[in-house]
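In: Structure for this input, please:
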Amino acid sequence: MVDLDLYDIMKNADLPANNDQTGFPCNDEECNWVSGLLKPAGWIASNGSEKSLCNSYDSTTSTLTVNDDVLKCNTSYGIWRYGHNSHKPSSVRSLWGFANSISGTGIRTGNARPVGSHENSFIGRMNAYWKSKGLETDSGGPTWSKDIIQAAFDGTALAHSDSSKGNVFNFETAGSTFRKEVIQKGISYLNVFPYVIWEMQDAINDCHDGDLSSNDAATKTFGESVYAWDEAVAFYTGSREGVAKGGRGDLKGTMQYYLANKRCENFGTCTADTDGDDWSGSSKVNQEVFDLFDLGKEQLKEAAALTVKGSGTSCDVVVPTMEKIATKMLIPFIQGTMRYLYKTKSSASAKEAGELFAFASAALPFIDAVDPAAAQMLFHRAWGLDFTDTTYSYDEIKTAIEGTYPKLGMGAGIGTISCADIGHLGSSTATKAAGCTDPTSSSSKNNDTTLGLGIGIPLGAIAITALVFVVFLWRKSSANSKRVEELTMQLRGPGKV
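Out: Next up is the predicted model:
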């Protein structure tokens, strides 16, 4: 129920109200979380020294204590840092913990064929991108996932790893409204998203060990559960969505499943139901992701049953499924990026700029893997806060991003995102920004026809030329034969045969 933490953070009274900030950098109180302060003085310490105020575990009595009545622990920052609603047997799961686990040296599980979080192709891509932007300032490994959110809470700068290059971004001058959007959205996109991918990788590691329940608590049994894989599904979906297909239907969730259903209403991709309305309902991408989740679960069960611990490659069949799922998860991030790129094309409110920052931050590593120039255009607008057309125009950035769709993702996921998957920005009655167009079957046939004509005409010309030449030789041969016959008759003389 870690999604309830994000829900509590989003509705927490200590989050600043949108203050109608205009322009960047912010001015005076626009920059502050509360009057006169970049962050509330009553927040819990960020260095971990006050964790016991919020929760503790007594190993002697096997008792977990969660202190619900401590004010510091119930602030938006306290909930992010130490968790509140998701209790494990000996600890409380936190959203900061998701980010922290894949930071530094990362996390590694399994014995037979362990693959660490940094070795996962998706998380590795994110790490490589943010390192290239100067956000790997800790010699112990990447920390971008928690650093971005921490800086948004604190109202501080993200320093470049090369001190001569100054700051990568400065939340101190971004304003409280901007920071609020980055926190609310960024926790899901930058903390939870990579951790969902890690849980799938963890399940594959468990499969190689032949033990799909290795994460189960000793006091619990989960039957046929593929435990780590099920956690990936749970963290993608969230408990607020319930168990029915399509979720709550009221767009009051907080996780990626909710995001996909929310964005489909902006792009006409709500095609997973039968109501005939592409602009409301269940998103196509959620249907595809869940079909792949189901496939992966069955693949893991079959592979683990065949696996002898420490040997075999039967579990490798799940890797392409994981890659397809993680790639499909990029679709709502691209849709969100396109939506707020459009909203900020002529002017940008702090809220809209903050949303673009959060969406773009999730998509940028993968756009960069396909087209670094396209990624730089988007980075310049979303992180550089340049909302003019002086450097890169809206149309130029939009077209460049669309050009990356066919190759977005990693491994088997590449080629699974199309223009149709992203859709057109607008509504059932009007299109605000038309999306790109995929090659259609008819155009493919036309291309085939054109190709056939392109090949056929030259070959036909060659064939006709050859035929004329053959006829010419035949006629010449016939003429020569007739002449030879005449000469022979002359030599034989009259009446001789």
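
In: Return the residues in contact with E29.
Out: N19, S35, G36 (Cβ atoms under 8 Å, 6 or more residues apart in numbering). In this view, the C-beta of every residue, glycine as well, is placed from N, C-alpha and C.

In: Report how many residues lie close to the nearest residue to the first one once chain neighbours are set aside.
Out: Sequence neighbours aside, T177 is the residue nearest to N19 in space, at 5.4 Å (criterion: Cβ to Cβ, 6 or more residues apart in numbering). Residue neighbour count, defined by other Cβ atoms under 10 Å, stands at 22 for T177.

In: now do the one 5 residues further on
Out: Residues within reach of V182, counting by other Cβ under 10 Å, total 25.

In: Please list all residues in contact with it.
Out: I148, I149, A152, F171, A174, G354, F357, A358.

In: Let's see if you can find the most crowded of those.
Out: G354 (29 neighbours).

In: was I right about that residue contacting G186?
Out: No. The criterion here is Cβ atoms under 8 Å, and G354 misses it with G186 at 9.0 Å.

In: For the residue most central in space within the chain, which residues are in contact?
Out: Geometric centre of the chain, nearest residue: L330, 2.6 Å, by Cα atoms, centre = their mean. Listed by Cβ under 8 Å, 6+ apart, the contact set of L330 reads A362, A363, F366, L408, G409, I417.

In: Including secondary structure and neighbour count, could those residues go into CSV?
Out: Listed next are the contacts of L330 as CSV, based on DSSP: H, G, I helix; E, B strand; the rest coil; neighbours: other Cβ atoms under 10 Å:
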residue, secondary structure, neighbour count
A362, helix, 24
A363, helix, 25
F366, helix, 25
L408, coil, 23
G409, coil, 26
I417, coil, 22
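
In: so where's this structure shaky on pLDDT?
Out: For the chain, residues meeting the criterion pLDDT under 70 lie at 214-225, 246-251, 307-312, 441-497.

In: which stretches of the protein form strands?
Out: 55-58, 63-66, 86-87, 92-93, 157-159, 167-170, 425-426, 431-433 (DSSP state E).

In: Switch these over to TSV; also include mean neighbour count and distance to S349.
Out: Listed next are these as TSV, based on neighbours: other Cβ atoms under 10 Å; distance: least, Cβ to Cβ, whole Å:
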stretch	mean neighbour count	distance to S349
strand 55-58	15	38
strand 63-66	13	38
strand 86-87	16	34
strand 92-93	20	34
strand 157-159	18	22
strand 167-170	19	18
strand 425-426	19	18
strand 431-433	13	17
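
In: Out of these, flag the one nearest A244.
Out: Closest approach to A244 among the strands of the chain is made by strand 86-87 (21.9 Å; Cβ to Cβ).

In: Next one: the closest residue to K245 other than its chain neighbours relative to F290, how far apart?
Out: Spatial nearest neighbour of K245, chain neighbours left out: S282 (7.1 Å); criterion: Cβ to Cβ, 6+ apart. In this structure, S282 and F290 are 10 Å apart, going by Cβ to Cβ, to the nearest Å.

In: More neighbours: those two, which one.
Out: S282 (20 against 17).

In: hang on, the more buried one packs against D275?
Out: No. Using Cβ under 8 Å, S282 makes no contact with D275, being 9.2 Å away.

In: re earlier: quick one: residues contacting the residue nearest to N19.
Out: Per Cβ under 8 Å, 6+ apart, neighbours of T177: P16, N18, N19, D20, Q21, E30, S349, A350, K351, G354.

In: please redo it, this time with the cut-off set to 7 Å
Out: Applying Cβ atoms under 7 Å, 6 or more residues apart in numbering to T177 gives the contacts P16, N18, N19, Q21, A350, K351, G354.

In: for those, which one is nearest V66?
Out: Nearest to V66 among these, with distances taken as Cβ to Cβ, is P16, at 27.0 Å.

In: and the nearest residue to L71 once chain neighbours are set aside, how many neighbours?
Out: Distances taken as Cβ to Cβ, 6+ apart put G42 closest to L71, at 6.8 Å, once the chain neighbours are dropped. By the criterion of other Cβ under 10 Å, G42 has 12 neighbours.

In: Surely G42 is in contact with K72?
Out: Yes. Between G42 and K72 there is a contact under Cβ atoms under 7 Å: 6.4 Å.

In: quick one: the helices in the stretch 301-450 of the chain?
Out: 318-328, 330-343, 350-370, 372-382, 394-402, 419-422, 441-492 (DSSP state H, counting those that start in this stretch).

In: elements contacting the third one?
Out: Right, helix 350-370. Contacts defined by 3 or more Cβ pairs under 7 Å, 6 or more residues apart in numbering; DSSP states H and E place helix 350-370 against helix 121-132, helix 176-186, helix 330-343, helix 372-382.

In: and these as a markdown table, adding distance to N47?
Out: As requested, those are exported to a markdown table (distance: least, Cβ to Cβ, whole Å):
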| stretch | distance to N47 |
| --- | --- |
| helix 121-132 | 23 |
| helix 176-186 | 19 |
| helix 330-343 | 32 |
| helix 372-382 | 30 |
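
In: Y195: which of those helices is closest?
Out: So among those, helix 121-132 is nearest, using Cβ to Cβ, at 9.1 Å.

In: Any chance you could list what contacts that closest one?
Out: The contact list for helix 121-132 (Cβ under 7 Å, 6+ apart) reads 102, 117-118, 136, 142, 144, 194, 197-198, 326, 364-366, 368-369, 410-411.

In: Only whichever of the residues you listed are buried, select them in PyMOL.
Out: In PyMOL, a selection of the buried entries from those looks like this (16 or more other Cβ atoms under 10 Å):
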select buried, resi 102+117+118+136+142+144+194+197+198+326+364+365+366+368+369+410
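
In: Might one say that M377 is in contact with A400?
Out: Yes. Contact criterion Cβ under 7 Å: M377 and A400 qualify, at 5.7 Å.

In: Next up, phi/psi of the residue nearest to K245, please.
Out: The phi/psi pair for S282 (degrees, to the nearest 10) reads phi -90, psi 130.

In: oh, and call the first residue 189 from now on, that's how I've got it
Out: Sure thing, new numbering starts at 189, so read that last one as S470.

In: and the gap between the residue nearest to the centre of the chain and G599?
Out: Taken as Cβ to Cβ, the span from L518 to G599 is 13 Å.

In: First-to-last residue distance for stretch 580-599?
Out: One end of stretch 580-599 to the other measures 31 Å (Cα to Cα, to the nearest Å).

In: Work out the gap between it and the centre of the chain.
Out: The chain centroid and the centroid of stretch 580-599 are separated by 14 Å, computed with Cα atoms, centre = their mean, to the nearest Å.
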